[in-house]
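A.B. asks: Coordinates only, no sequence provided:
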């Protein structure tokens with residue numbers, strides 16, 4: 001999939017593992033930054049959202065994130081993204097195979113709070 005970032009700050013963070021670790025590694029012994037990078041690599045390697053392994057639990061969101069999707073980074077936190085298919089006649093939000101371009105909104109978010 002083609003990945004873009006809504007925030008230039010997020011793009012800078014994922015391009016610097018040291019900065020990503022400073023921002024997200026809060027629990028001793030757990031490398032959250034690597035988990036985020038792994039999840040982004042899974043998204044990048046997939047041709048479409050339908051190709052994401054089930055263990056990352058790709059799923060649509062509701063409420064304030066309606067129209068967005070998420071995949072798991074860890075037990076509580078997700079990468080949140082929205083499809084980016086302006087003027088694409090083949091795109092359907094209910095067809096995971098048609099979601100091939102995304103914009104990352106959140107890198108590491110617990111939306112359950």
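C.D. replies: Now that the structure is in, tell me what you want to look at. Bear in mind the structure is a predicted one, so any value in this text is a computation, not a measurement. Numbers count the residues shown, from 1 in each chain.

A.B. asks: how near is residue 64 to residue 95?
C.D. replies: Distance from residue 64 to residue 95, counting by C-beta to C-beta, to the nearest Å: 23 Å. The way it works is simple: take the backbone N, C-alpha and C, and place the C-beta from them, glycine included.

A.B. asks: now swap in residue 74 and tell me
C.D. replies: In this view, residue 74 and residue 95 are 28 Å apart by C-beta to C-beta.

A.B. asks: Same check on residue 34?
C.D. replies: Applying C-beta to C-beta, one obtains 32 Å for the distance of residue 34 from residue 95.

A.B. asks: Same check on residue 12?
C.D. replies: For residue 12, the distance to residue 95 under the criterion C-beta to C-beta works out to 33 Å.

A.B. asks: State the phi and psi torsions of residue 75.
C.D. replies: Summarising the backbone geometry of residue 75 under the convention degrees, to the nearest 10, its torsions are phi -60, psi -40.

A.B. asks: Now for it, how many residues are close by?
C.D. replies: Number of residues near residue 75 (other C-beta atoms under 10 Å) recorded here: 6.

A.B. asks: can you check residue 109 too?
C.D. replies: 16.

A.B. asks: okay, residue 18: pLDDT?
C.D. replies: According to the per-residue confidence, residue 18 scores 94 in pLDDT.

A.B. asks: Ramachandran angles for it?
C.D. replies: The main-chain torsion angles of residue 18 are listed as degrees, to the nearest 10 and equal phi -60, psi -40.

A.B. asks: Need the three-state assignment for the residue nearest the centre of the chain.
C.D. replies: For the chain, the residue sitting closest to the mean C-alpha position, by C-alpha atoms, centre = their mean, is residue 79 at 3.4 Å. Going by DSSP: H, G, I helix; E, B strand; the rest coil, the secondary structure assigned to residue 79 is strand.

A.B. asks: Alright, I will stop here.
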